[in-house]
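Student: I would like to see how this sequence folds:
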Amino acid sequence: MAEADLPNGKSMSIIITKGTLDWAYPPFILATTAAAMDVKVTMFFTFYGLGLLKKNLKLSVTTLGNSAMEMPMMGGHMKMPNMMSMLPGMTGLTSSMMKKLIKKKGVASIEELREAAELSDVRLIACQMTMDLFGYKPEQMVDGLEYAGAATYMETALKSDINLYI
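Tutor: Down below sits the predicted model:
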């Protein structure tokens with residue numbers, strides 16, 4: 001659908017640089033919501049964000065550097081200390097806790113949100129330089145991606161009404 005065909009004629013670009021479970025949700029939620037509102041959306045995945053386009057996701061979440069992380073427990077909220085992340089197995093534990101919470105609350109998985117983005121005609125661009133840098137192959141990635149560099153993203157971003165860096 002051409003931008004002129006969209007009822008509101010707006011466009012949005014999102015550059016995604018982080019690939020952890022907690023950082024995966026905002027760009028996909030914003031992209032699918034905007035697409036549902038007839039906004040033309042482009043998502044550009046680079047560096048660690050590129051991992052969100054892999055066929056087999058193994059996402060985790062850590063307390064390290066995330067002093068705001070709280071998890072609902074025993075009727076309240078427990079702060080997850082940064083120091084926990086230095087203990088063996090803690091990333092696995094916090095990831096498991098978050099995945100259980102997501103499932104319990106009926107929140108869509110990243111795979112489901114990614115599919116919703118594809119079905120909503122969100123333009124998904126995998127950074128070619130990052131593909132080369134990290135040695136990723138197209139067969140490792142989901143189908144339907146565009147492979148391009150920063151110049152392609154910039155062409156889109158310069159024309160967009162909304163630009164987000166996540």
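
Student: which residues touch the residue nearest the centre of the chain?
Tutor: Most central residue of the chain, judged by C-alpha distance to the mean C-alpha position with CA atoms, centre = their mean, is A24 at 3.2 Å. By CB atoms under 8 Å, 6 or more residues apart in numbering, A24 lies in contact with K18, L52, L59, I110. Placement of C-beta: from N, CA and C, glycine included.

Student: the same query, at a cut-off of 6 Å, please.
Tutor: L52, I110 (CB atoms under 6 Å, 6 or more residues apart in numbering).

Student: hang on, it in a helix?
Tutor: Yes - under DSSP: H, G, I helix; E, B strand; the rest coil, A24 sits within a helix.

Student: how much space between it and E115?
Tutor: From A24 over to E115 the distance is 13 Å, taken as CB to CB, to the nearest Å.

Student: same question for T33.
Tutor: In terms of CB to CB, T33 sits 15 Å off from E115.

Student: on the pLDDT front, check M84 for me.
Tutor: For M84, the pLDDT comes out at 66.

Student: ok, now the one 3 residues further on?
Tutor: Confidence at L87, expressed as pLDDT, is 68.

Student: so for stretch 27-36, what's the average pLDDT?
Tutor: Per-residue scores along stretch 27-36 average to 97.

Student: residues contacting it, please?
Tutor: Residues outside stretch 27-36 that contact it (CB under 6 Å, 6+ apart) are M12, I14, I16, V41, M43, L113, A116, A117, S120, V122, I166.
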